[in-house]
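Trainee: Only the shape, not the letters, is given here:
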(Lines give C-alpha, C1' and ligand atoms only; values in the text may rest on other atoms or scores of the structure.)
Protein backbone atom coordinates (compact mmCIF):
# COMPACT_ATOMS: atom_id res chain seq x y z
CA UNK A 1 0.00 0.00 0.00
CA UNK A 2 2.81 2.41 0.96
CA UNK A 3 4.77 1.56 -2.16
CA UNK A 4 1.70 1.97 -4.40
CA UNK A 5 1.22 5.48 -2.98
CA UNK A 6 4.72 6.56 -3.94
CA UNK A 7 6.34 5.90 -0.54
CA UNK A 8 5.12 9.25 0.75
CA UNK A 9 3.33 8.18 3.91
CA UNK A 10 4.62 7.80 7.42
CA UNK A 11 4.24 4.73 9.62
CA UNK A 12 3.36 4.86 13.31
CA UNK A 13 4.64 1.62 14.80
CA UNK A 14 2.49 1.17 17.89
CA UNK A 15 2.66 -1.15 20.88
CA UNK A 16 4.33 -1.38 24.24
CA UNK A 17 6.53 -4.06 25.71
CA UNK A 18 5.02 -6.91 27.67
CA UNK A 19 6.80 -8.43 30.65
CA UNK A 20 7.67 -11.50 28.58
CA UNK A 21 8.90 -9.59 25.51
CA UNK A 22 12.49 -8.68 24.67
CA UNK A 23 11.50 -5.52 22.75
CA UNK A 24 8.30 -3.52 22.40
CA UNK A 25 5.83 -4.32 19.63
CA UNK A 26 6.62 -0.89 18.17
CA UNK A 27 10.37 -1.63 18.08
CA UNK A 28 9.75 -5.00 16.46
CA UNK A 29 7.60 -3.38 13.77
CA UNK A 30 10.17 -0.60 13.24
CA UNK A 31 12.89 -3.19 12.70
CA UNK A 32 10.74 -5.16 10.26
CA UNK A 33 9.86 -2.05 8.27
CA UNK A 34 13.38 -0.65 8.10
CA UNK A 35 15.36 -3.89 7.76
CA UNK A 36 13.05 -6.17 5.77
CA UNK A 37 10.92 -3.70 3.83
CA UNK A 38 13.62 -1.01 3.41
CA UNK A 39 11.45 1.83 4.72
CA UNK A 40 13.63 4.84 5.63
CA UNK A 41 14.02 5.20 9.41
CA UNK A 42 12.64 8.76 9.32
CA UNK A 43 9.38 7.40 7.85
CA UNK A 44 8.72 5.28 10.96
CA UNK A 45 7.45 7.00 14.09
CA UNK A 46 7.32 5.08 17.37
CA UNK A 47 4.55 4.76 19.94
CA UNK A 48 5.77 2.31 22.58
CA UNK A 49 3.82 3.31 25.71
CA UNK A 50 0.55 1.51 25.00
CA UNK A 51 -0.64 -1.64 26.72
CA UNK A 52 -4.10 -2.01 25.14
CA UNK A 53 -5.69 -1.60 21.71
CA UNK A 54 -7.42 1.59 22.82
CA UNK A 55 -4.13 3.02 24.09
CA UNK A 56 -2.43 2.02 20.79
CA UNK A 57 -5.00 4.09 18.94
CA UNK A 58 -5.14 7.05 21.34
CA UNK A 59 -1.37 7.45 21.59
CA UNK A 60 -0.93 6.96 17.84
CA UNK A 61 -3.65 9.52 17.17
CA UNK A 62 -1.81 12.01 19.40
CA UNK A 63 1.32 11.52 17.27
CA UNK A 64 -0.62 11.92 14.01
CA UNK A 65 -2.53 14.95 15.31
CA UNK A 66 0.71 16.63 16.36
CA UNK A 67 2.38 15.81 13.05
CA UNK A 68 -0.56 17.02 10.95
CA UNK A 69 -1.05 20.17 13.03
CA UNK A 70 -4.78 19.61 13.13
CA UNK A 71 -6.68 17.53 15.65
CA UNK A 72 -9.28 15.19 14.21
CA UNK A 73 -12.55 15.60 16.07
CA UNK A 74 -15.34 12.99 16.28
CA UNK A 75 -18.29 13.92 14.07
CA UNK A 76 -16.46 16.72 12.21
CA UNK A 77 -16.41 16.52 8.42
CA UNK A 78 -13.29 17.11 6.40
CA UNK A 79 -10.80 15.66 8.86
CA UNK A 80 -7.20 16.72 8.43
CA UNK A 81 -5.91 13.26 7.63
CA UNK A 82 -6.98 9.71 6.97
CA UNK A 83 -4.88 6.71 7.87
CA UNK A 84 -4.67 2.98 7.34
CA UNK A 85 -5.01 0.94 10.51
CA UNK A 86 -3.01 -2.22 9.90
CA UNK A 87 -3.49 -5.05 12.37
CA UNK A 88 -4.11 -8.78 12.47
CA UNK A 89 -7.03 -9.82 10.27
CA UNK A 90 -9.04 -11.13 13.22
CA UNK A 91 -8.54 -7.82 15.07
CA UNK A 92 -9.61 -5.36 12.35
CA UNK A 93 -13.27 -5.10 13.42
CA UNK A 94 -12.60 -4.16 17.04
CA UNK A 95 -9.65 -1.88 16.24
CA UNK A 96 -11.70 -0.06 13.59
CA UNK A 97 -14.60 0.30 15.99
CA UNK A 98 -12.27 1.82 18.62
CA UNK A 99 -10.74 4.16 16.01
CA UNK A 100 -14.21 5.42 15.09
CA UNK A 101 -15.01 5.90 18.79
CA UNK A 102 -12.02 8.24 19.30
CA UNK A 103 -12.60 10.16 16.05
CA UNK A 104 -9.75 8.64 14.07
CA UNK A 105 -10.59 8.45 10.39
CA UNK A 106 -9.02 5.11 9.54
CA UNK A 107 -9.42 2.29 7.06
CA UNK A 108 -8.83 -1.12 8.63
CA UNK A 109 -6.41 -3.43 6.83
CA UNK A 110 -5.92 -6.98 8.07
CA UNK A 111 -2.67 -8.89 7.90
CA UNK A 112 -2.56 -12.68 7.64
CA UNK A 113 -2.83 -14.75 10.81
CA UNK A 114 -1.53 -18.31 10.86
CA UNK A 115 -4.25 -20.94 11.06
CA UNK A 116 -3.07 -22.48 14.32
CA UNK A 117 -3.59 -19.14 16.11
CA UNK A 118 -7.09 -18.44 14.75
CA UNK A 119 -9.15 -20.31 17.40
CA UNK A 120 -7.45 -18.53 20.32
CA UNK A 121 -7.54 -15.17 18.55
CA UNK A 122 -11.20 -15.52 17.58
CA UNK A 123 -12.26 -16.41 21.13
CA UNK A 124 -10.27 -13.47 22.55
CA UNK A 125 -11.83 -11.04 20.07
CA UNK A 126 -15.33 -12.41 20.61
CA UNK A 127 -15.01 -11.87 24.37
CA UNK A 128 -13.63 -8.35 23.90
CA UNK A 129 -16.40 -7.34 21.49
CA UNK A 130 -19.08 -8.97 23.66
CA UNK A 131 -17.77 -7.11 26.70
CA UNK A 132 -17.85 -3.81 24.80
CA UNK A 133 -21.44 -4.47 23.75
CA UNK A 134 -22.79 -6.07 26.89
CA UNK A 135 -26.27 -4.55 26.88
CA UNK A 136 -27.70 -6.72 24.03
CA UNK A 137 -26.67 -9.83 25.96
CA UNK A 138 -28.40 -8.43 29.02
CA UNK A 139 -31.51 -7.73 26.98
CA UNK A 140 -31.51 -11.27 25.60
CA UNK A 141 -31.24 -12.62 29.12
CA UNK A 142 -34.26 -10.53 30.16
CA UNK A 143 -36.05 -13.11 32.33
CA UNK A 144 -33.12 -13.13 34.77
CA UNK A 145 -31.90 -9.63 34.01
CA UNK A 146 -32.29 -8.31 37.54
CA UNK A 147 -29.50 -10.67 38.63
CA UNK A 148 -26.98 -9.47 36.01
CA UNK A 149 -24.33 -6.84 36.85
CA UNK A 150 -25.40 -4.67 33.90
CA UNK A 151 -29.05 -4.54 34.96
CA UNK A 152 -28.90 -1.22 36.80
CA UNK A 153 -27.39 0.59 33.81
CA UNK A 154 -29.81 -1.07 31.40
CA UNK A 155 -32.84 -0.14 33.49
CA UNK A 156 -31.55 3.42 33.75
CA UNK A 157 -31.07 3.56 29.95
CA UNK A 158 -34.64 2.35 29.49
CA UNK A 159 -35.90 4.95 31.97
CA UNK A 160 -37.07 2.33 34.46
CA UNK A 161 -36.23 1.76 38.11
CA UNK A 162 -37.06 -1.91 38.19
CA UNK A 163 -37.60 -4.76 35.74
CA UNK A 164 -40.95 -4.75 33.97
CA UNK A 165 -42.54 -8.04 32.96
CA UNK A 166 -44.84 -7.61 30.00
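Mentor: Here it is on my side, so go on. Keep in mind that this is a model prediction, so the values were computed, not measured.
Trainee: Tell me the buried residues in stretch 11-19?
Mentor: Of all the residues in stretch 11-19, those buried under the rule 16 or more other C-beta atoms under 10 Å are 11-17. Placement of C-beta: from N, CA and C, glycine included.
Trainee: Need the distance between the two termini of that stretch.
Mentor: Stretch 11-19 has its terminal residues 25 Å apart, counting by C-alpha to C-alpha, to the nearest Å.
Trainee: Give me the residues contacting that stretch.
Mentor: Stretch 11-19 is contacted from outside by 2, 23-30, 33, 39, 43-51, 55-57, 59-60, 63-64, 83, using C-beta atoms under 8 Å, 6 or more residues apart in numbering.
Trainee: before we move on, back to that, ok, the buried residues of stretch 11-19 vs residue 95, which is closest?
Mentor: Using C-beta to C-beta, residue 14 is the member of those that lies nearest residue 95, at 10.5 Å.
Trainee: just to revisit the earlier point, could you tell me which of the contacts of stretch 11-19 belong to helices?
Mentor: Using DSSP state H, 25-30, 55-57, 59-60, 63-64 are the members of these that sit in helices.
Trainee: Tabulate those in JSON lines, adding columns for pLDDT and neighbour count.
Mentor: Shown next, in JSON lines, are the ones in helices among the contacts of stretch 11-19 (pLDDT from 0 to 100; neighbours: other C-beta atoms under 10 Å):
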{"residue": "25", "pLDDT": "94", "neighbour count": "18"}
{"residue": "26", "pLDDT": "96", "neighbour count": "24"}
{"residue": "27", "pLDDT": "97", "neighbour count": "17"}
{"residue": "28", "pLDDT": "95", "neighbour count": "16"}
{"residue": "29", "pLDDT": "95", "neighbour count": "21"}
{"residue": "30", "pLDDT": "97", "neighbour count": "20"}
{"residue": "55", "pLDDT": "95", "neighbour count": "16"}
{"residue": "56", "pLDDT": "95", "neighbour count": "24"}
{"residue": "57", "pLDDT": "96", "neighbour count": "23"}
{"residue": "59", "pLDDT": "96", "neighbour count": "19"}
{"residue": "60", "pLDDT": "96", "neighbour count": "24"}
{"residue": "63", "pLDDT": "94", "neighbour count": "15"}
{"residue": "64", "pLDDT": "92", "neighbour count": "21"}
